[in-house]
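> show me how the following folds:
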Amino acid sequence: MLAAHVPSIFLFKPRLPPYTAGAFVEWTAFKESACTFFTMGVFFGFWGLYFAFFYLGTFARDRLGDTTETSVSLLMILNGIGITGRIIPNLIGDRITGPFNIITPFSFAACLLIYCWAAVDSIHGMYAFAIIYGFIAAALQALFPATATTLTMDPKKTEVRLGMILSVVGFACLTGPPISGALIQAGGGSCLYAQIFAGTSIALSGLCLAASRVSKSGWGWVKV
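From the prediction side, this is the model:
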């Protein structure tokens with residue numbers, strides 16, 4: 001990572017001229033329904049999104065009886081497929097649909113996958129889940145900052161709002177996996193309660209993102 005980042009120090013150039021930084025927090029942003037719904041959407045999304053990353057290997061080992069090597073392979077696939085997931089949907093969103101029009105259906109797709117995970121009872125099913133979910137989860141992680149920048153055209157407000165949204169996302173990322181772990185413990189080692197929690201959380205994310213998109217651009221089809 002260091003080797004990749006050092007050249008960027010010398011190659012990157014500012015795209016816009018320097019300007020005076022805006023306020024540290026823009027409370028008026030939450031008076032805009034599009035921004036409020038979007039912030040709620042990414043919170044709920046990341047609340048459940050990382051459940052699979054933390055417990056996929058444990059599920060394969062403890063519930064399906066697979067080896068530690070297999071569980072590690074699943075995690076490698078889950079993360080490795082994310083390379084394409086972070087690139088392809090963003091290209092489509094940037095050039096064809098707009099990020100808002102692609103992050104919402106991807107959220108509902110992630111929700112359905114988590115619910116379907118509860119029915120997986122074989123290692124072959126786990127591999128299929130890891131491939132598809134890894135792609136979609138990576139896309140959601142990459143799409144949300146790109147989508148957040150569309151909430152306002154003012155560069156000063158963009159950086160402040162993105163920082164505010166990232167702060168909210170941080171709480172979701174920190175609390176989601178422990179809540180899932182507590183639900184697994186409450187279920188006697190079964191992941192069902194945690195799967196329901198994660199799937200429902202991401203479903204709420206999709207609804208909030210859809211509401212944000214409608215608040216911003218209405219019901220008609222536009223690139224946004």
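> so where is the chain shaky, pLDDT-wise?
Filtered on pLDDT under 70, the chain yields the residue ranges 1, 14-23.
> have a look at it and report its longest helix.
helix 155-186 (DSSP state H).
> elements contacting the following helix or strand past that helix?
For helix 155-186, the succeeding helix or strand toward the C-terminus, using DSSP states H and E, is helix 192-217. With contacts defined as 3 or more C-beta pairs under 8 Å, 6 or more residues apart in numbering; DSSP states H and E, the secondary structure elements packing on helix 192-217 are helix 33-49, helix 51-58, helix 100-117, helix 155-186. Every residue, glycine included, has its C-beta placed from N, CA and C.
> ok and helix 192-217 relative to helix 100-117, angle-wise?
Going by axes from the mean of the first three to the mean of the last three C-alpha atoms, to 10 degrees, helix 192-217 is angled at 170 degrees with respect to helix 100-117.
> mind checking how far helix 192-217 is from the chain centre?
Offset of helix 192-217 from its chain centre (C-alpha atoms, centre = their mean, to the nearest Å): 11 Å.
> between that helix and helix 155-186, how many degrees?
Using the same axes, to 10 degrees, one finds that helix 192-217 and helix 155-186 are set 160 degrees apart in direction.
> buried sites along helix 192-217?
Buried residues in helix 192-217, counting neighbours by 16 or more other C-beta atoms under 10 Å, are found at 193-214, 216-217.
> I am finished for the moment; much appreciated.
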